[in-house]
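Enquirer: Generate a structure from the sequence data that follows.
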Amino acid sequence: MRTWFLAALILGLAACAGPGHRDSAAPIAAIVSFDPARFAGDWHEVAAIGRAPGARWQVRSAPFSIATTRDGSGPARLVGPGRIEARAFDAPLWVLWVDDGYRSAVIGTPDGRFAMLLDRAAAMPADRMTAAREVLDWNGYDLAGLR
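Expert: Just a heads-up that it's a prediction; the model follows:
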């Protein structure tokens, strides 16, 4: 009886840990200056944590929508600065960083389910990749899972 109780307790605690790939004690912040019109266009998912990278993204600003080759498509809406709800995703997306030219971006979920590095080109330049990794690290994501 004790073994069964101990096993149930361990499984229950593991379930509380959630699916996250980030330290929930670390602060996380979406960018306040996010501009959906500048974000619109085609993107490549060049790296990711918690999912396989490689999806192509197509973002439209009027009306705001997101379509990916992996997650499907549908309307999206801003629910706060840099915070997006999109029908194609079952979790809120937070834009954690975009470079000045809107050529590279980091998007993650607050629960740490996944994070994605997007770039307008099929490969992110080394300087922006370094910046993107620093943003993920600062927001508590486990960089060991970056693929």
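Enquirer: Which residue ranges of the protein form helices?
Expert: 2-17, 36-39, 126-138 (DSSP state H).
Enquirer: Could I get the full set of strands for this protein?
Expert: Secondary structure of the chain (DSSP state E): strands at 41-49, 56-61, 64-68, 72-80, 83-86, 93-98, 104-108, 115-119.
Enquirer: partner residues bridging the nearest residue to Ala37 once chain neighbours are set aside?
Expert: Among residues not flanking Ala37 along the chain, Ser61 sits closest, at 4.6 Å (CB to CB, 6 or more residues apart in numbering). Every C-beta, even on glycine, is put in place using the N, C-alpha and C of the backbone. Ser61 has these beta-bridge partners by DSSP bridges: Phe64.
Enquirer: Find the least confident helix or strand in this structure, judged by mean pLDDT.
Expert: Least confident helix or strand, the chain: helix 2-17 with a mean of 37, by mean pLDDT, DSSP states H and E.
Enquirer: Can you point out the buried residues in stretch 65-84?
Expert: Within stretch 65-84, the residues scored as buried using 16 or more other CB atoms under 10 Å are 65-68, 71, 73, 76, 82-84.
Enquirer: Which residue is the nearest non-sequential neighbour of the residue most central in space within the chain?
Expert: The centre of the chain sits closest to Gly108, judged by CA atoms, centre = their mean, with a distance of 2.2 Å. Counting by CB to CB, 6+ apart, the nearest residue to Gly108 once its immediate chain neighbours are dropped is Ala115, at 3.7 Å.
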